[in-house]
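**Student:** Fold the following, please.
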Amino acid sequence: MLKLISKLNGTAPQYFIVSNTSLNFAIFATGFTIKSNTMEDKKATIIDLSAMAAKEDNNEVLIPYRKGMAWGYCNEKKEEVIDYVYESADPFSEGLAVVRMEEKCGYIDKNDKLVIPYRYDYALPFKEGLAPVEKKDRYGYINKSGNEVIPFRFNDAENFIDGLAIVEIRDKWGFIDKQGDVVIPCKFDMVAPFIDGVAFVELNGETKFIDKTGKFVDAPGDDVYYDGLTMDISEDGEKVGFKDRDGKQVVPQIYDAAMDFSEGMAAVCIDGKWGYINTEGTLVVPCIYDDYIDDFCDGLVLVELKDDFGYIDKNGVQYWED
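**Tutor:** Now for the predicted structure:
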């Protein structure tokens, strides 16, 4: 643990480090000069204070970068930070990232330390402290220590959002809580995440809405809003735009297809090519990509271009080289 004691007369801050209070000693550091103040002749190991601080609090933005067929991580200047040695690499979430080696998934931290070994067939990022992972065709959940805290008994599973996660059991969908208890039975043919306390579901061919207790409720109006906007389809059904809750046309009906907003960005399609608009309707990522892969998550999204895949940010900056 590092704790700031004081900053004296403009000098470098002083810290003390205690790894185990039973050792009964403290290490004092001024800048990079480290001295041991021992009791009972206990010995202290000299450490690199700056390196320890960096490892304990690494807030650097790291972005998955593809170089040919290999993946690693770069910073926002596209400078290599983690070697390009992985078969695939996902964005960091809650300090860890999914990487794949020899067709198995594990998790690394921002210092490229393997925190959770390569033992899963598929893995999703950590959200709310837990991650869904697949092993032997079954899904369960692990914590950030790699402990399997929810058993592998699901056919599919999604991330937790506001304490609930979508899961599948024998082709039917429902929700579990963080204890792994099924709180909304797996009886639906399709479910969507909760938005404003209400989730869209399909049961026996009928579309309905439920609350977080699983009780059927009235539809929250005719439209569902994401980031304050909802799709607005032209009368002939050929074009789509977006309107706000007041009915104002924010994005004109000029796109052939569109997806809902996520993190202030929505995928839109013109002539078979995909790009992204912001909530003001500005096309910030041009429609040049061959396929829509996913929504933005933590500022990044995976796209397909000329049969290859890579990440872009919200400015359309591409993080790959062939």
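**Student:** contacting residues for residue 192?
**Tutor:** 199-201 (C-beta atoms under 8 Å, 6 or more residues apart in numbering). In short, each C-beta sits where N, CA and C put it, glycine included.
**Student:** Could you provide the residues you listed in CSV, with additional columns for pLDDT, neighbour count and distance to residue 95?
**Tutor:** CSV is the format used below for those (pLDDT from 0 to 100; neighbours: other C-beta atoms under 10 Å; distance: C-beta to C-beta, whole Å):
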residue, pLDDT, neighbour count, distance to residue 95
199, 94, 22, 29
200, 92, 18, 32
201, 97, 21, 33
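**Student:** quick one: which of those is nearest residue 73?
**Tutor:** residue 199 (34.7 Å; C-beta to C-beta).
**Student:** Across the sheet, point out what pairs with the closest one.
**Tutor:** Note on residue 199: beta-bridge partners by DSSP bridges are residue 210.
**Student:** what about it, distance to residue 174?
**Tutor:** 10 Å (C-beta to C-beta, to the nearest Å).
**Student:** same thing with residue 160?
**Tutor:** If you measure residue 160 against residue 174 using C-beta to C-beta, the figure is 14 Å.
**Student:** Residue 316 now?
**Tutor:** 38 Å.
**Student:** Quick check on these two: which one has the bigger neighbour count.
**Tutor:** Neighbours around residue 316 and residue 174, counted as other C-beta atoms under 10 Å, are more numerous at residue 174. The numbers are 21 against 15.
**Student:** check which helix or strand covers the closest residue to that one other than its chain neighbours.
**Tutor:** Leaving out its chain neighbours, the residue that sits closest to residue 174 by C-beta to C-beta, 6 or more residues apart in numbering is residue 186, at 3.6 Å. According to DSSP states H and E, residue 186 maps onto strand 182-188.
**Student:** what's the offset of that strand from the middle of its chain?
**Tutor:** Distance, stretch centre to chain centre, for strand 182-188: 25 Å (C-alpha atoms, centre = their mean, to the nearest Å).
**Student:** Also stretch 106-113?
**Tutor:** 15 Å.
**Student:** Give the rounded mean pLDDT of it.
**Tutor:** Average pLDDT, stretch 106-113: 98.
**Student:** Mind checking which residue lies nearest the centre of this structure?
**Tutor:** residue 93 (4.6 Å; C-alpha atoms, centre = their mean).
**Student:** related to what we said a few turns ago, adjacent strands (with direction) for the strand holding residue 186?
**Tutor:** Applying DSSP bridges, you get strand 172-176 (antiparallel) as the partners of strand 182-188.
**Student:** separation between the residue nearest to residue 174 and residue 206?
**Tutor:** 17 Å.
**Student:** higher neighbour count, these two?
**Tutor:** residue 186 (19 against 8).
**Student:** export the helix or strand containing residue 312 as PDB, just CAs?
**Tutor:** With secondary structure defined by DSSP H and E, residue 312 is part of strand 308-313. Provided in PDB are the C-alpha atoms of strand 308-313 (Å, rounded to 0.1, in the frame of the first residue of the first chain):
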ATOM      1  CA  ASP A 308     -10.400  -8.200 -41.700                       C
ATOM      2  CA  PHE A 309     -11.400  -7.000 -38.300                       C
ATOM      3  CA  GLY A 310     -10.100  -4.200 -36.000                       C
ATOM      4  CA  TYR A 311     -11.100  -1.600 -33.500                       C
ATOM      5  CA  ILE A 312     -12.000   2.100 -34.100                       C
ATOM      6  CA  ASP A 313     -12.700   4.800 -31.600                       C
END
